[in-house]
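Peer 1: Let me see the structure of the following:
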Amino acid sequence: MKTSNPIRQGILATLLTLPLHAAGPALRLEFAGGNDEPKWVAQNDGVMGGLSKGGPEIKDGLLVFSGTLSLENNGGFSQIHTKGGKYDLSSAKGFKLRVKGDGRTYQLRLATDALHRGSNIAYTAGFETTADEWVEVFVPFAEMKPTWRGSDLDGPPLDLSKVGEIAILLGDKKPGGFLVEFDWMEATGK
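Peer 2: The predicted structure follows:
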């Protein structure tokens, strides 16, 4: 392309040097408490008779998930999840999280419209936290496995174009208090 305008030449030269992967993340969740952010809600093992207590709080720009895990009455999990979302994450390779935890292993879980016995399938992978230290962890979507009520399934594969729910779950069979904080979450190609 030939042009005699020096401004156009400069713009064209700049555009040609930009990397092709300059697009931002498929989704970035920050926690300022705005109305445009997803709402986070709790789901504990009380749905099956358990006694665990936990839930989300947006505080000082952080998503805080805290509570007490109990193994009483066949319990043992606490979860927070987004409500009412529709996310196309098909351009991403996984979720990057900036997290400060308590040294426990949590699960990142995604749900789509895929069902097993009339209930949503959760696609899940674990991530470790470091006690009282901010770390960035990456959870590849390729490592997420389909589960239903704690049981592994053979499929179907995760359809990243139809994610309706993002969740964090603690179910490590260790009773007691827990606390994990998130600065941000990002579905990204990196």
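
Peer 1: all helices of this structure, in order?
Peer 2: For the chain, the helices defined by DSSP state H occupy 6-17.

Peer 1: how about the strands of it, start to end?
Peer 2: Here the chain has its strands, by DSSP state E, at 27-30, 39-44, 53-59, 62-69, 78-83, 94-100, 105-116, 119-128, 134-140, 145-148, 151-152, 165-170, 176-188.

Peer 1: Show me what the first one is packed against.
Peer 2: Translated: strand 27-30. strand 176-188 (3 or more CB pairs under 8 Å, 6 or more residues apart in numbering; DSSP states H and E). In this view, the C-beta of every residue, glycine as well, is placed from N, C-alpha and C.

Peer 1: CA-only coordinates of the strand it packs on in CSV, if you can.
Peer 2: Output of strand 176-188 as CSV, limited to C-alpha atoms (Å, rounded to 0.1, in the frame of the first residue of the first chain):
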residue,chain,number,x,y,z
GLY,A,176,-12.3,-26.2,60.4
GLY,A,177,-12.2,-22.6,59.4
PHE,A,178,-11.1,-21.4,56.0
LEU,A,179,-10.4,-18.1,54.2
VAL,A,180,-9.4,-17.3,50.7
GLU,A,181,-9.3,-13.9,49.0
PHE,A,182,-9.3,-13.1,45.3
ASP,A,183,-7.9,-9.8,43.8
TRP,A,184,-9.1,-10.7,40.3
MET,A,185,-9.9,-13.7,38.0
GLU,A,186,-9.2,-13.7,34.3
ALA,A,187,-10.1,-16.2,31.6
THR,A,188,-7.1,-15.8,29.3
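
Peer 1: Rounded mean pLDDT for it, please.
Peer 2: Averaging pLDDT along strand 176-188 yields 98.

Peer 1: Adding mean neighbour count and distance to residue 159 as columns, could you present the strands of the chain in JSON lines?
Peer 2: What follows is those, written out as JSON lines (neighbours: other CB atoms under 10 Å; distance: least, CB to CB, whole Å):
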{"stretch": "strand 27-30", "mean neighbour count": "16", "distance to residue 159": "15"}
{"stretch": "strand 39-44", "mean neighbour count": "17", "distance to residue 159": "22"}
{"stretch": "strand 53-59", "mean neighbour count": "17", "distance to residue 159": "26"}
{"stretch": "strand 62-69", "mean neighbour count": "20", "distance to residue 159": "25"}
{"stretch": "strand 78-83", "mean neighbour count": "21", "distance to residue 159": "17"}
{"stretch": "strand 94-100", "mean neighbour count": "21", "distance to residue 159": "15"}
{"stretch": "strand 105-116", "mean neighbour count": "19", "distance to residue 159": "5"}
{"stretch": "strand 119-128", "mean neighbour count": "18", "distance to residue 159": "9"}
{"stretch": "strand 134-140", "mean neighbour count": "14", "distance to residue 159": "16"}
{"stretch": "strand 145-148", "mean neighbour count": "16", "distance to residue 159": "11"}
{"stretch": "strand 151-152", "mean neighbour count": "8", "distance to residue 159": "18"}
{"stretch": "strand 165-170", "mean neighbour count": "21", "distance to residue 159": "13"}
{"stretch": "strand 176-188", "mean neighbour count": "18", "distance to residue 159": "14"}
